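**Student:** sequence-free structure coming up:
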């Protein structure tokens, strides 16, 4: 008799992966086949959200900031995100480096310059003096990249860490809704939450990656490393960046992510101090 092979344990959730792949691939195919139509449609969706729902975003993020400040100074700020006797696994420098690399990453390199210029040249502020427009541009940019942006990261990260390490729930966004859904997070409602989180994360990362690749390609051309800014060169840059990301993720937090994050923050400090 043939010996029965042991069952391979996996964390793959088909209820999350398959719907996410269908949606992501579907959107990519539609954008590639009908670029103008999809561009108009997505622009209308964006305009609707910006015009009709912008107050929800502003108030939500402001509430996040207030809530986190409250947690800092209240008794809840003493709760450890782990066992009561647990100690930090990483130094403060490594922790800050990983936060910076994951929270800002390539987006800051592009939008740190592009966003203030975009706000400054916006026709909506054309009536102001150059100084007024510059101040408005800095205010908008700081709102997108300052305390309010980190408050969003903080709320999500805190929720994931709390319910994962205190309640021993899966490290996924569905666990953050445990107080509301209880055991329903293990079923279809949990899958819906994770599908939304996965698709949102994918398109958010690819947008930042796309802008960053164009900037890197332009910089390498200026330095004479690459002869042009064509599609092939940008594909090669994507392959290199994605390869580093995969290597970092596969190596784990202790090796790849921590080391690359430390190198990243040291490089940033060196550029700021010596260039």
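**Tutor:** Now that the structure is in, tell me what you want to look at. Here the structure is a predicted model, which means the values were calculated and not measured. Numbers count the residues shown, from 1 in each chain.

**Student:** how many neighbouring residues does residue 160 have?
**Tutor:** Residue 160 is surrounded by 18 other residues when neighbours are defined as other Cβ atoms under 10 Å. In short, each C-beta sits where N, CA and C put it, glycine included.

**Student:** the residue nearest to residue 167 when sequence neighbours are not counted - how many residues pack around it?
**Tutor:** If you skip the residues right next to it in sequence, residue 167 has residue 178 as its closest partner in space, 6.6 Å away by Cβ to Cβ, 6 or more residues apart in numbering. Residue 178 has 18 neighbours, counted by other Cβ under 10 Å.

**Student:** does residue 178 touch residue 185 like I think?
**Tutor:** Yes: using Cβ atoms under 8 Å, residue 178 makes contact with residue 185 at a distance of 5.7 Å.

**Student:** could you tell me which residues touch both of the two?
**Tutor:** Counting by Cβ atoms under 8 Å, 6 or more residues apart in numbering, the contacts common to residue 178 and residue 185 are residue 169.

**Student:** and the residue nearest to residue 167, what element?
**Tutor:** In this assignment (DSSP states H and E), residue 178 forms part of helix 178-181.

**Student:** return the set of buried residues in that helix.
**Tutor:** In terms of neighbour count (16 or more other Cβ atoms under 10 Å), helix 178-181 has its buried residues at 178, 181.

**Student:** outside of it, which residues touch it?
**Tutor:** 163, 167, 169, 174, 185, 189, 190.

**Student:** just among those, which is most surrounded?
**Tutor:** Busiest of the contacts of helix 178-181 [other Cβ under 10 Å] is residue 174, holding 25 neighbours.

**Student:** roughly how far apart are that one and residue 164?
**Tutor:** Distance, residue 174 to residue 164, by Cβ to Cβ, to the nearest Å: 11 Å.

**Student:** again, but for residue 186
**Tutor:** 15 Å.

**Student:** so which of the two has more stuff around it?
**Tutor:** For residue 186 and residue 164, the more surrounded residue by other Cβ under 10 Å is residue 164, and the numbers stand at 17 against 14.

**Student:** got the contact list for the helix or strand hosting that one?
**Tutor:** Assigned by DSSP H and E, residue 164 belongs to helix 147-165. Contacts to helix 147-165, defined as Cβ under 8 Å, 6+ apart, come from residues 61-62, 64-65, 67-68, 71, 79, 81-83, 99, 103, 143, 169-173, 175-176, 178.
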